[in-house]
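*Asks:* Structure of the sequence below:
(one chain, ligands or ions: 2)
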Amino acid sequence: MQLEPLIGLEIHIQLKTKSKMFCACNNAGENLPPNTTICPVCTGQPGTLPVPNDEAILAAVKTARLLNGRINPTTKFDRKHYFYPDLPKGYQISQYDLPIAEGGFLEIETLDENHQAILKKIQLIRLHLEEDAAKNIHGQDGSTYVDFNRAGTPLIEIVTEPSIATPAEAKNFLQELQVLARYLDISHAEMEKGHLRCDVNISLRPVGDKKLYSKTEIKNLNSFKAVERALEYEIKRQTKLWEEGNPPKILATRGWDDTKQITEEQRVKEEAQDYRYFPEPDIPSFALTKIVEKIKNLLPELPITRRYRFVNEFGLSLADAKILTVDPRWAQFTEEAFSECWEWLVSMPELAGEGTEDEIIKKNAAKVGRLVGGWLTSKLTGLMAENKIDIRILKITPENFAEFISLIYTNKINSANALLLLREMMQAGEDPSQIMEEKKLGQVDDPDMINRAAEEVIRMNPDQVAQYKSGKIPILQFLIGKMMKETEGKIDPQVAKKILEKKLT
Ligand code: ZN
Ligand code: MN
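*Replies:* Numbers count the residues shown, from 1 in each chain. Ligands and ions are numbered 1, 2, ... in the order given. Got it, this is the predicted structure:
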């Protein structure tokens, strides 16, 4: 029997708003001593009144728009009841039947049956706002303590349709959502720190069957890898149950044990009505139409759209474009560096060819794209990692980087020395031509000097010269190498090749 997995995700994104969801408390309590960013509202004291946070509502509407959701003209909050020590009110303020948005989708990359990269729309059910619970801390003395700093932190909850087909797609979806949250600057979105939390649900069914079977939820997934591994484990476990003629018949909750790399049965899940949802009487329903109007022209380009634009416009490889669009600051740097490169190329018709600006760019895109992509994603990021430099404190401006690329493009410097130059630029933050001059890293084009070097190499290597003259052409590479060494790498290998060929015929 051929089985197919149906995977759905339920994601909580912790917002980095200034204050909490329903009170004025500082929302940065995760870095502060326990129970120092609390007040009567977020500790659930009787008689207090919650006031919704406009910044959080704006963040939710923006996210919903980018995810193509249908935003409800009017929305409201509801109480969701359950008992737990980290929930002092005995209910969580969430949203039930009128969430911020319904429907929508997020596009992700996946592979088709021929292993070709394609885009797939993952459908969403809803997006709503709610408050976070406090945090239980299990002390070494065996007691459990409660830190209320987290209580009342704004959360966006996103629920997908079970339209995810593989563990890899689930991971891609989460990564895409993480990048989106960072583009919108609404969350730090670090999974390991709990800013991005994910529960998954999964069921299997025979291919061709249209019925939905009882699903299993998996909790406690703290990393992208855990999501992928837990799903892989669950697919194997449930496949076995199906093969034994005993597929899951009830909604179950399992926890992921990261050390043992297995899921374990936790409890039979409450159905929705167990929460006894009812409208939050202290917060009147409110309209979202004005906010929708206000943000209309303020939304950033979707990360995935930007990635493909980088490929088409800049001639970057998809792999490089992916690296460069994950962080919006890097994406901005890339945009600016390319626009400087184009400006420079267009001003150099003898190099870039004649034509309109668009034609010149089109003609040179592949070469410039490869050059910029390579120097940004492997060399520069490598040097930065080595020196523990973050893009926020990088001294190299996009303008200087573009100039650096132009030096390589015009063979004013070879790649070995270019790496030294980049290192210097990172330390000094000055313009590359100046550093190249000062440190004597540029290529020499003094014909006398090149001539002398060629003659010296020919004199010192009579055997190889004889071999070349007798027809062993590849030996020329050896002589070029000698010439580079003779000139300390300061000449263009192409120039060395030409002069040697000329002298040896
Ligand atoms: Zn508070
Ligand atoms: Mn929730």
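*Asks:* Please make it C-alpha for all contacts and neighbour counts, starting now.
*Replies:* Fine.
*Asks:* check contacts around Trp10.
*Replies:* Check again: residue 10 is Glu, not Trp. Residues near Glu10 by CA atoms under 8 Å, 6 or more residues apart in numbering: 157-160, 198-200.
*Asks:* change it to 7 Å
*Replies:* Contacts for Glu10 (CA atoms under 7 Å, 6 or more residues apart in numbering) come out as 158-160, 198-200.
*Asks:* From Glu109, how far off is the residue positioned nearest the centre of the chain?
*Replies:* Centrality entry for the chain: nearest residue to the mean C-alpha point is Val326, 3.3 Å, by CA atoms, centre = their mean. Distance, Val326 to Glu109, by CA to CA, to the nearest Å: 14 Å.
*Asks:* just to revisit the earlier point, got the confidence number for the residue nearest to the centre of the chain?
*Replies:* pLDDT for Val326: 91.
*Asks:* That one touches Leu180, doesn't it?
*Replies:* No - contact criterion CA atoms under 7 Å: Val326 and Leu180 do not qualify, at 8.8 Å.
*Asks:* Determine the longest strand present in this structure.
*Replies:* Using DSSP state E, we find that the single longest strand of the chain is strand 117-131.
*Asks:* And the lowest-mean-pLDDT helix or strand in the chain, what's buried?
*Replies:* One helix or strand of the chain scores below all others by mean pLDDT, DSSP states H and E: helix 349-352, with a mean of 76. Neighbour counts using 16 or more other CA atoms under 10 Å place Ala352 of helix 349-352 among the buried residues.
*Asks:* Summarise which helices and strands that helix is packed against.
*Replies:* Using 3 or more CA pairs under 7 Å, 6 or more residues apart in numbering; DSSP states H and E as the contact criterion, no helix or strand is in contact with helix 349-352.
*Asks:* what about dumping the CA coordinates of it to PDB?
*Replies:* Extracted as PDB, the C-alpha positions of helix 349-352 are listed here (Å, rounded to 0.1, in the frame of the first residue of the first chain):
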ATOM      1  CA  PRO A 349      31.500  51.400 -22.900                       C
ATOM      2  CA  GLU A 350      35.000  50.300 -24.000                       C
ATOM      3  CA  LEU A 351      34.800  47.500 -21.400                       C
ATOM      4  CA  ALA A 352      31.100  46.800 -21.200                       C
END
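*Asks:* and it, how far from the chain's centre?
*Replies:* 36 Å (CA atoms, centre = their mean, to the nearest Å).
*Asks:* continuing past it, what's the next helix or strand?
*Replies:* helix 357-374 (DSSP states H and E).
*Asks:* Strands of the stretch 201-350 of the chain, residue ranges please.
*Replies:* Under the criterion DSSP state E, counting those that start in this stretch, strands of the stretch 201-350 of the chain are mapped to 216-221, 252-257, 262-268, 278-279, 286-287.
*Asks:* Just send those strands back as a markdown table, with distance to Ala24 and mean pLDDT too.
*Replies:* Below are the strands of the stretch 201-350 of the chain laid out as a markdown table (distance: least, CA to CA, whole Å; pLDDT from 0 to 100):
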| stretch | distance to Ala24 | mean pLDDT |
| --- | --- | --- |
| strand 216-221 | 30 | 90 |
| strand 252-257 | 35 | 91 |
| strand 262-268 | 36 | 83 |
| strand 278-279 | 23 | 96 |
| strand 286-287 | 20 | 97 |
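*Asks:* Fine by me, we can end here.
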